[in-house]
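Q: Need the 3D shape of this:
(chains A and B)
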Amino acid sequence: EAGVAQSPRYKIIEKRQSVAFWCNPISGHATLYWYQQILGQGPKLLIQFQNNGVVDDSQLPKDRFSAERLKGVDSTLKIQPAKLEDSAVYLCASSPLAGSEQFFGPGTRLTVL
Amino acid sequence: GQSLEQPSEVTAVEGAIVQINCTYQTSGFYGLSWYQQHDGGAPTFLSYNALDGLEETGRFSSFLSRSDSYGYLLLQELQMKDSASYFCALYSNYQLIWGAGTKLIIKP
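A: The predicted model follows:
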């Protein structure tokens, strides 16, 4: 069974630029999560999808972050414009059901200069 | 609100046993999960306690006491490959609330 795929693995941009991350969850997994993990901290949930609907985006900075999950499969997370404090690893995870074991992708390490 | 506390770092010797504690504050939750994350890697699921008591999976065991708002992860027969960060996470409202993680350092 293929795991969660993410791209790119690394991205370096300058502040005020835009960036987008892509995630392909495990086939059949209804729930998809985007997390932000700053070095030395635990993952922080940004947004949770159930199929193509948003379950929770309370911690998503909506003035600059956006996410979508078209057709309930792949998802993209966008930051526009980026700030220095957005430097982090962005993790995508999926699970068969909300609350069951989460399977994580390798993450995208974003550096904002 | 909900919060979890873990030691930031624990050091142990190869072949020994180590316990990583997790205390939490919450108004309600379904269970406590543990995840392992190697440097530069993604978190991987280790265990889940929905009920009080001990859950054993090979060399790893996890414990939950709801009355004490406390849980722990027990690692036995430590191997160098166990060097990683370990996160406890509360399962609440169909999502995970994560602790800051404990870095486990293993010495030969």
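Q: And the strands in the chain, which stretches?
A: Reading this off chain A. A:5-7, A:10-13, A:19-24, A:31-37, A:44-50, A:53-56, A:65-68, A:75-79, A:88-95, A:103-104, A:108-112 (DSSP state E).
Q: if you could check chain B rather than the one you did, that'd help
A: Counting by DSSP E, the strands of chain B are B:3-5, B:9-13, B:18-25, B:31-37, B:44-49, B:53-57, B:60-65, B:70-75, B:84-92, B:95-98, B:102-107.
Q: So what touches the fifth one?
A: It stands for strand B:44-49. Here strand B:44-49 makes contact (C-beta atoms under 8 Å, 6 or more residues apart in numbering or on different chains) with A:101-104, B:31-37, B:55, B:57, B:60-64, B:71, B:73, B:86, B:91. Heads up, the C-betas are built off the backbone N, CA and C, glycines and all.
Q: for chain B, where's the lowest mean pLDDT among helices and strands?
A: strand B:95-98 (a mean of 90; mean pLDDT, DSSP states H and E).
Q: got the residues of chain B near chain A?
A: B:30, B:33, B:41-45, B:48, B:87, B:89, B:91, B:93-96, B:98-101 (C-beta under 8 Å from any C-beta of the partner chain).
Q: List the buried residues of stretch A:8-21.
A: Residues A:11, A:13, A:19, A:21 are the ones in stretch A:8-21 that count as buried (16 or more other C-beta atoms under 10 Å in any protein chain shown).
Q: on that earlier part again, which strands or helices does the least confident helix or strand of chain B pack on?
A: If you count contacts as 3 or more C-beta pairs under 8 Å, 6 or more residues apart in numbering or on different chains; DSSP states H and E, strand B:95-98 packs onto strand A:44-50, strand B:3-5, strand B:84-92.
Q: ok and the longest one relative to strand B:31-37, angle-wise?
A: This points to strand B:84-92. Using axes from the mean of the first three to the mean of the last three C-alpha atoms, to 10 degrees, the direction of strand B:84-92 lies 150 degrees away from that of strand B:31-37.
Q: pull the CA atoms of strand B:84-92 into CSV?
A: Output for strand B:84-92, consisting of C-alpha atoms alone and laid out as CSV, is shown next (Å, rounded to 0.1, in the frame of the first residue of the first chain):
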residue,chain,number,x,y,z
ALA,B,84,13.9,9.8,18.4
SER,B,85,11.3,12.2,19.6
TYR,B,86,8.2,10.8,21.2
PHE,B,87,4.9,12.7,21.3
CYS,B,88,1.8,12.1,23.4
ALA,B,89,-1.4,13.4,21.9
LEU,B,90,-4.9,13.6,23.1
TYR,B,91,-7.7,12.4,20.9
SER,B,92,-10.5,14.9,21.3
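Q: gap between that strand and the chain center?
A: 6 Å (C-alpha atoms, centre = their mean, to the nearest Å).
Q: One more: stretch A:46-62?
A: Distance, centroid of stretch A:46-62 to centroid of chain: 10 Å (C-alpha atoms, centre = their mean).
Q: Get me the contact residues on chain A for chain B.
A: Residues of chain A lying near chain B (C-beta under 8 Å from any C-beta): A:33, A:40-45, A:48, A:55-56, A:91, A:93, A:98-99, A:101-107.
Q: rerun that using 10 Å as the cut-off
A: A:3-4, A:6, A:31, A:33, A:35, A:37, A:40-45, A:48, A:50, A:55-56, A:89, A:91-93, A:95, A:97-107, A:109 (C-beta under 10 Å from any C-beta of the partner chain).
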